[in-house]
Every structure is written in structure tokens, then in C-alpha cells.
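Q: predicted model and sequence below, questions to follow.
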Amino acid sequence: MTATLLLWDIDGTLISSVPGCAEIYPRAFERLTGRPAVHQVDISGRTERDIMDELFRRNGLGPAPRHRLAEVLVQELRHKAAELEAVGRVLPGARETLTALGMREGVVQSVLTGNLRANAALKLGVFGLDELVDQEVGAYGDDAVERAALVAVARRRAAAVHGRVFDAGNTVLIGDTVRDVAAGRDGGARVVAVASGTTGAAELRAAGAESVLPDLRDTPAVIRAVWPGGGAV
């Protein structure tokens, strides 16, 4: 039986976060340096380590210190958990699509996200999506600074757990940013882009996504995008 590895981005693809979640990076910067960040950075589609490294560089420092970085970022997001639960939401169709795809034989469904593993688990858990993906075989911001490198990480983990080979032909990344598209393209995965975040469909298509959907409301359309030749398992 043919296997398919589906790797989901989280923020902007499965959930809509709260503006306050972006505050964890300058807050972490201030805790780690003792001074506020004057210059901010674009966080869309990036790993948390990459965000913090650029934040440090933009503010005249070297790379972010690794020994405390994860601890501080996780603590800062935990401070936002109640706000996230109250104001954030699962994007339309995400839960239904995850459920439907997860029921298909041969599908291994996980996440590929710039979030640290603990932060990804918190976000998925807040919205009850944690049981719909296999987090053990996902790839996270802890695993690499560059997002494209995460594709190989997820493949290795999925192969080790499920005893199947995952390659460019049966790995699909689903995300909502140009950086998601680039990660899939550079990492060797097919890309289904969803214009549910801040990036429009035309820009996602121009970046190289094989399929672009307006959102996840139409589960059959998602299935056709994942298996465009009708080769669904």
C-alpha cells in the first residue's frame, strides 16, 4: 500500500493565533539581554530560532544564546495560553480536513512548523488538534534553524516509526506562507498552499506551490490537491 506523509504548518494554516503571540519574541529578547528590542523582524513562516537570531542581529548583537532560548520562549508562550484559548481559533475546515485525511489508509499526518516542539504542542492542545496529528514524527523549530531542513527530519522520523520510505513523491507540505512553499520546494516535498493567512493565492502560486486553495473548508478539494492524479490511498 502506498504511503503518504502529510506535513502541516500550524499558524495561519490550522489555527489563527492572537496578535499577542508575536510579542513573545521581543519579550524573550528583553529577558535575555536586559534591554528592549528597538528593531522588530518579520516572523511569518520562520523557525523561532531564526526569528530570534535575526532579532538579535537587527539589534546589534550576535546570534541568540542557545542555552536559555528555548526555555524563555516556551515560558513566554505559556503566559499567552489563556489569551490564545479565548481569542484564537481553529481555521474553518481545519478540524474536519485533519479528521478526514487521518482516516485514510496509509496516511501519516504530522506537522512541520517553525514553533519549538513544546510551543507547537501547546497550540495544538489548546484547540484540541493534538490528537489528530502524530506529533512524534513531526519536525519543529528545535530541529533546525532553516525551515527547509525540517522536511528531511520529518521523513526520517516517520520512516523510523512507520517502517515506510518517504520521499519527494509521497511527502506533501501544507502551509500558508511563501516560506512554507520554499521549505517544501527546497526540502523536496510537494506543496499545497492555503491562502488562509496573510499571503494571497497569486503570491503563493508564484512562489511555486503546486496547488493553492482559498482555505480548508472544502475537504474533497484538499484531497484532490494532495493526490492530484487521483492516486489517493
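A: That came through fine. Numbers count the residues shown, from 1 in each chain.

Q: quick one: contacts for P63?
A: Counting by CB atoms under 8 Å, 6 or more residues apart in numbering, P63 touches D53, F56, R57. In this view, the C-beta of every residue, glycine as well, is placed from N, C-alpha and C.

Q: separation between the second one and V133?
A: Using CB to CB, to the nearest Å, F56 is found at 31 Å from V133.

Q: comparing these two, which residue is more hemmed in?
A: Legend: neighbour count by other CB atoms under 10 Å for F56 and V133, higher for V133 (23 against 20).

Q: so what's the backbone phi/psi at the more buried one?
A: Per-residue torsions, V133: phi -130, psi 150 (degrees, to the nearest 10).

Q: N119 is in contact with D142, correct?
A: No - under the criterion of CB atoms under 8 Å, D142 makes no contact with N119, lying 9.5 Å away.

Q: which of these two has more residues huddled nearby?
A: Legend: neighbour count by other CB under 10 Å for D142 and N119, higher for N119 (25 against 18).

Q: a helix runs through that one, doesn't it?
A: Yes - under DSSP: H, G, I helix; E, B strand; the rest coil, N119 falls within a helix.

Q: touching, it and V74? I think so.
A: Yes - using CB under 8 Å as the test, N119 is close enough to V74 to be in contact (6.1 Å).

Q: what count of nearby residues applies to A152?
A: Count around A152 with other CB under 10 Å applied: 17.

Q: please apply the same query to A81.
A: When neighbours are counted by other CB under 10 Å, A81 registers 15.

Q: who's in contact with it?
A: Contacts of A81 (CB under 8 Å, 6+ apart): L122, V126.

Q: ok so, going back, ok, so of the contacts of P63, who is nearest T198?
A: Sorting the contacts of P63 by distance to T198 puts D53 at the head of the list, at 22.1 Å, by CB to CB.

Q: hang on, the closest one in a strand?
A: No - using three-state DSSP, the secondary structure at D53 is helix, not a strand.

Q: which of the three states applies to the nearest residue to it once chain neighbours are set aside?
A: Nearest residue to D53, sequence neighbours excluded (CB to CB, 6 or more residues apart in numbering): P63, at 4.9 Å. Secondary structure, three-state DSSP: P63 is coil.

Q: confidence score at P63?
A: Confidence at P63, expressed as pLDDT, is 88.

Q: could you measure it against P26, distance?
A: Distance from P63 to P26, by CB to CB: 17 Å.

Q: do the same with R156
A: Taken as CB to CB, the span from R156 to P26 is 34 Å.

Q: so for the two, which sits in the more crowded spot?
A: Between R156 and P26, counting by other CB under 10 Å, P26 is the more crowded of the two (18 against 13).

Q: who are the contact partners of L132?
A: L132 neighbours (CB under 8 Å, 6+ apart): R95, L98, T99, G102, Q109.

Q: much appreciated, bye for now.
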